[in-house]
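> predicted model and sequence follow; I will ask about them next.
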Amino acid sequence: MTSLSQTHATLRGIAQHAPANRTRVRALLLDQLLTHAPTPLSPGMLRQVVIAIRDLAGPAWLAAHASDPAVSAFTALDTTPAPPPLTVLDHILAHCLQARFTPAAPADPSPGPGTATRQHRQPAA
């Protein structure tokens with residue numbers, strides 16, 4: 001097993017919880033590939049992992065969310081001559097996948113009619 005532990009955990013979560021069957025299968029296959037890959041991963045294998053994650057996230061989604069820090073860190077991998085240290089790469093890959101596949105937390109509901117709080121004024125002195 002490779003040391004991409006954050007990426008493994010994220011891929012397993014996607015494989016279990018993604019709404020689309022195709023996404024679940026692709027995440028599971030990538031996780032299995034990483035699980036059985038020789039250690040250490042060669043630069044060529046790391047490049048293939050980055051490409052597979054790009055395909056899983058979807059180039060259109062990545063382009064639409066380019067301002068997200070997790071996405072911009074991921075897309076910056078295309079311009080680096082060598083991959084970052086494995087722990088940094090693991091962080092980048094996992095956070096990009098989380099940004100893509102983790103549902104957003106629901107917003108705090110605003111108070112409805114009749115539930116507005118009243119402000120109490122202090123009596124003037």
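Good, I have the coordinates. Just so we're clear, the structure is a prediction, and the values are computed from it rather than from any experiment.

> for this protein, give me the ranges with low pLDDT.
1-2, 104-125 (pLDDT under 70).

> in this structure, what residue spans correspond to strands?
With strands called from DSSP state E, the chain shows none.

> show me where it has helices.
Taking DSSP state H as the test, the helices found in the chain are 5-17, 21-36, 43-57, 59-64, 69-75, 86-101.

> burial-wise, tell me which of those comes out on top.
Ranked by mean neighbour count, the helices of the chain are led by helix 86-101 with a mean of 20 (mean count of other Cβ atoms under 10 Å). (C-beta placed from N, C-alpha, C; glycine too.)

> who touches that helix?
2-7, 9-11, 13-14, 17-18, 23, 40-41, 46, 49-50, 53, 56-58, 61-62, 65, 68, 70-71, 73-74, 77, 83-84 (Cβ atoms under 8 Å, 6 or more residues apart in numbering).

> for stretch 24-43, same thing?
1-4, 7-8, 11-12, 14-16, 18, 45, 49, 52-53, 55-56, 82-83, 86.
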